[in-house]
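A.B. asks: sequence-free structure coming up:
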């Protein structure tokens, strides 16, 4: 089983290898992510990220719902 976390793309640019990388916002935490597996993604889109790679694009409502559930899990300690 893998764990994919939704995040919103806030910037994109090609890297030295010609693959697209971008800054992705995970509820306030910004990470540099490889976007090569989702070439149709654009700034503002939400993507599911696994081990530093975006693996699919999801709609904003689904992303926000997932982030909400993850925040709730943090409250259950």
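C.D. replies: Yes, it's here. Just so it is clear, the model here is predicted, and its values are computed rather than measured. Numbering: from 1, shown residues only.
A.B. asks: show me what contacts residue 9?
C.D. replies: With C-beta atoms under 8 Å, 6 or more residues apart in numbering as the criterion, the residues that contact residue 9 are 22-25, 35, 41-47, 54. Heads up, the C-betas are built off the backbone N, CA and C, glycines and all.
A.B. asks: can you list contacts of stretch 30-43?
C.D. replies: Contacting residues not belonging to stretch 30-43 are listed as 7, 9-12, 19-24, 47, 49, 52-57 [C-beta under 8 Å, 6+ apart].
A.B. asks: Buried residues of stretch 54-70, list them for me.
C.D. replies: Neighbour counts over stretch 54-70 (16 or more other C-beta atoms under 10 Å) mark 54, 57, 58, 63, 66, 67 as buried.
A.B. asks: Verify the contact between the fifth one and residue 6 for me.
C.D. replies: Pointing back at residue 66 there. Yes: applying C-beta atoms under 8 Å as the test, residue 66 and residue 6 come out as touching, 5.1 Å apart.
A.B. asks: Strands along the chain, start to end?
C.D. replies: Secondary structure of the chain (DSSP state E): strands located at 5-14, 20-26, 29-34, 46-50, 53-58.
A.B. asks: Hmm, residue 8 is touching residue 44, no?
C.D. replies: Yes: counting by C-beta under 8 Å, residue 8 does reach residue 44; the two are 6.9 Å apart.
A.B. asks: and those two? which has more neighbours close in?
C.D. replies: Under the criterion of other C-beta atoms under 10 Å, the comparison of residue 8 against residue 44 puts residue 8 first, with 18 against 9.
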